[in-house]
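Engineer: Give the three-dimensional model of this entry:
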Amino acid sequence: QVQLVESGGGLVQAGDSLRLSCEASGRTFSNYIMGWFRQAPKKEREFVGRISWSGSSTYYADSVKGRFTISRDNAKNRVDLQMNSLKPEDTAVYYCAAAPSLSKVRMGEYDYWGQGTQVTVSS
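Structural biologist: You can find the predicted model right below:
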């Protein structure tokens, strides 16, 4: 089992920055690819980005590429999502998730999820 807890959400204005964190406990954090997702009201959950086990590789959705950056600190069991140049359309509940393998990631299968943190961007 891996427990994930997100934090750092809040209300910001368009153009502002916000940094979300996801702290993990339980099994060895470095054994998991970590992903970030978001879900806006009345919309399906959307992939935001992911980071490899070591942090050497990242991949982002086109909608956030160049504005969002994912990093991780395996010593602290934490993955962060730095969000810059925020737009109202970034408003959503943001979730972190953990997957043990790239094959599962490619199928969209993440084994563990956090409870989410709300990000609201006003225009």
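Engineer: residue ranges for the helices of this protein, please.
Structural biologist: Along the chain, the segments classed as helices by DSSP state H run 102-106.
Engineer: Which parts of stretch 69-78 count as buried, going by neighbours?
Structural biologist: Judged by neighbour count (16 or more other CB atoms under 10 Å), stretch 69-78 contains these buried residues: T69, I70, R72, N74, N77, R78. All C-beta spots, glycine's among them, are computed from the backbone N, C-alpha and C.
Engineer: which residues does the residue positioned nearest the centre of the chain bridge with?
Structural biologist: Using CA atoms, centre = their mean, the residue of the chain that lies closest to the mean C-alpha position is W36, 2.3 Å off. Going by DSSP bridges, W36 is paired in beta bridges with G49, C96.
Engineer: quick one, what contacts it?
Structural biologist: 20, 22, 48-50, 68, 70, 79, 81, 94-97 (CB atoms under 8 Å, 6 or more residues apart in numbering).
Engineer: Closest to A40 out of those residues?
Structural biologist: Y94 (10.3 Å; CB to CB).
Engineer: Contact partners for the closest one?
Structural biologist: E6, G9, L20, W36, F37, R38, V48, L81, G116, T117, Q118, V119.
Engineer: Not counting sequence-adjacent ones, nearest residue to it?
Structural biologist: Closest residue to Y94 in three dimensions, ignoring its sequence neighbours and counting by CB to CB, 6 or more residues apart in numbering: R38, at 4.8 Å.
Engineer: Give me the distance between that neighbour and N84.
Structural biologist: In this structure, R38 lies at 15 Å from N84, with CB to CB, to the nearest Å as the measure.
Engineer: what about these two, which has more around it?
Structural biologist: Per other CB atoms under 10 Å, whichever of R38 and N84 has more neighbours is R38, with 23 against 14.
Engineer: That one against E44, yeah?
Structural biologist: No. Checked against CB atoms under 8 Å, the pair R38 and E44 is beyond contact range at 10.4 Å.
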